[in-house]
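Enquirer: got a predicted structure here, sequence first:
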Amino acid sequence: MSLAAQLRARIAQSGPMTLADYMAACLLDPAHGYYATRDPFGAGGDFITSPEISQMFGEMIGLCLAQTWLDQGSPAPFTLAEAGPGRGTLMADILRATRGVPGFLDAAQVHLIEASATLRAAQAERVPGAIWLDHVDQLPQQPLLFVANEFYDALPIRQFRRDGAGWREVVVGLQGDQLAFGVTDPAPLAALAHRIEDTKDGDLVEVCPALAPITAAISALIAAHGGAALMIDYGDWTSLGDTFQAVQAHRVTDPLANPGQADLTAHVDFAALAAAAAPAKHTRLTPQGVFLDRLGITQRAQALAAGLSGPALDAHVAAHRRLTHPADMGDHFKVIGIYPDGATPPPGLTA
Ligand code: SAH
């Protein structure tokens, strides 16, 4: 039975489902889920991510993490972890870029947190010897250097529309025999009490239930043992408005049209992420382009350009622009860092 048919049967049986349940089924259902059944990255896939655009992205992240490790006294051993590593390209570039940092790779124990068996296999080709985990809760009790690029935006969200002093939840139900959005009756919601002040009637806010527990687990390790985390994603300081989106073959599509066959994402609520980082500290939210520039991506781009000509040079220049230019990923993507109280923020970010 197709995933669409399964979801229709489930809704007919037990009523409309939250967007979070819909997203979880579409992305991670073991038999039909989007990430569970394919490698969606790159030009021939559905979308392209920063590490797939240029090796320079992973090189800058690697040097940022290695400098953080040096600044904190070169703890050994430590965990070098990535959540949602996709094809494993970012971690492979981090490992390559940090080879010249004495002691770093000897002390690093590489852990990848990945839900998809298909993508775990792709990661194993590029990052041999890594340890795979289902959840950040399983990370060892030792210093942690952590990175996540476009991981949080894949975590299921719920949507609520303000109605007076209460909220109507956006749900996925049936209209005839087709999946269709609906809303619940308005009800007050303790989890959104703090949003009553900064929203008005009709406004839509998104809540990601997994964001706080995942961030708290990472931050607890960093607060207790040292290290740092870099989270890079679409989003802004607070969530306001509908950012639930489906992308298939580099095009925005109807999220209900082909369950399991389109990537589903929502913008990250960085204020909620920052709040969940306590008692560790968090940096300012910084545009990706500014972060990469401070780490020296332009100098690195020039050095690499010296060895290129013709179409390869054009592609390299375009990749640098795509990663850093404000009209492109440079501003749409943001970076936030988490680090221990008393330590300096990771290079490229400010307190
Ligand atoms: N970081 C990669 C891939 C981003 S796509 C890149 O930048 O190219 C999202 C990744 O998160 C995929 O690897 C997907 O399988 C994984 N993922 C999504 N939800 C997850 C979850 N709940 N737990 C672990 N991994 C998850």
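Expert: On my side now, so go ahead. Numbers count the residues shown, from 1 in each chain.

Enquirer: please name the bridge partners of residue 175.
Expert: residue 178 (DSSP bridges).

Enquirer: any idea how far it lies from the ligand?
Expert: If you measure residue 175 against the ligand using C-beta to the nearest ligand atom, to the nearest Å, the figure is 29 Å. (Each C-beta comes from the backbone N, C-alpha and C, glycine too.)

Enquirer: list the contacts of the residue nearest to the spatial centre of the chain.
Expert: Taking C-alpha atoms, centre = their mean, the centroid of the chain lies closest to residue 151, which sits 2.3 Å from it. If a contact means C-beta atoms under 8 Å, 6 or more residues apart in numbering, then residue 151 has 83-84, 231, 233 as its contacts.

Enquirer: against the ligand, how distant is it?
Expert: According to C-beta to the nearest ligand atom, residue 151 and the ligand sit 5 Å apart.

Enquirer: next one: residue 236
Expert: Separation of residue 236 from the ligand (C-beta to the nearest ligand atom): 19 Å.

Enquirer: same question, residue 331
Expert: For residue 331, the distance to the ligand - C-beta to the nearest ligand atom - is 18 Å.

Enquirer: now for that residue: which residues touch it?
Expert: With contacts defined as C-beta under 8 Å, 6+ apart, the neighbours of residue 331 are 287-289, 325.

Enquirer: and which of those is nearest residue 180?
Expert: residue 288 (35.9 Å; C-beta to C-beta).

Enquirer: can you tell me the closest non-neighbouring residue to the closest one?
Expert: Leaving aside its sequence neighbours, residue 288 sits nearest to residue 333 (C-beta to C-beta, 6 or more residues apart in numbering; 3.8 Å).

Enquirer: re earlier: dump the contacts of residue 151 to CSV, plus pLDDT and secondary structure.
Expert: Output for those, formatted as CSV (pLDDT from 0 to 100; DSSP: H, G, I helix; E, B strand; the rest coil):
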residue, pLDDT, secondary structure
83, 98, strand
84, 98, coil
231, 98, strand
233, 98, strand
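
Enquirer: what about those, which one has the most neighbours?
Expert: Scoring these on neighbours with other C-beta atoms under 10 Å, the highest-scoring entry is residue 231 at 28 neighbours.

Enquirer: can I assume that residue is in contact with residue 152?
Expert: Yes - in this structure, residue 231 is within contact of residue 152 by C-beta atoms under 8 Å, at 6.3 Å.

Enquirer: list residues touching both of the two?
Expert: Residues touching both residue 231 and residue 152 by C-beta under 8 Å, 6+ apart: 268, 273.

Enquirer: show me where this protein has helices.
Expert: 3-14, 19-28, 34-37, 50-53, 55-71, 89-97, 104-107, 117-126, 211-225, 270-276, 288-294, 297-305, 310-324, 329-332 (DSSP state H).

Enquirer: turn the ones you listed into JSON lines, columns for mean pLDDT.
Expert: JSON lines is the format used below for these (pLDDT from 0 to 100):
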{"stretch": "helix 3-14", "mean pLDDT": "96"}
{"stretch": "helix 19-28", "mean pLDDT": "97"}
{"stretch": "helix 34-37", "mean pLDDT": "92"}
{"stretch": "helix 50-53", "mean pLDDT": "96"}
{"stretch": "helix 55-71", "mean pLDDT": "98"}
{"stretch": "helix 89-97", "mean pLDDT": "98"}
{"stretch": "helix 104-107", "mean pLDDT": "98"}
{"stretch": "helix 117-126", "mean pLDDT": "96"}
{"stretch": "helix 211-225", "mean pLDDT": "98"}
{"stretch": "helix 270-276", "mean pLDDT": "97"}
{"stretch": "helix 288-294", "mean pLDDT": "98"}
{"stretch": "helix 297-305", "mean pLDDT": "98"}
{"stretch": "helix 310-324", "mean pLDDT": "98"}
{"stretch": "helix 329-332", "mean pLDDT": "95"}
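
Enquirer: any idea of the pLDDT on the residue nearest to residue 288?
Expert: With respect to pLDDT, residue 333 scores 97.

Enquirer: which single residue of the stretch 251-351 of the chain ends up nearest the ligand?
Expert: Scanning the stretch 251-351 of the chain for proximity to the ligand using C-beta to the nearest ligand atom identifies residue 263 as nearest, at 7.6 Å.

Enquirer: check contacts around the residue nearest to residue 288.
Expert: 50, 232-234, 287-288.

Enquirer: now do the residue of the stretch 251-351 of the chain closest to the ligand against residue 34, distance only.
Expert: Per C-beta to C-beta, to the nearest Å, residue 263 is found 6 Å from residue 34.

Enquirer: residue 94 now?
Expert: From residue 94 to residue 34 the distance is 25 Å (C-beta to C-beta).
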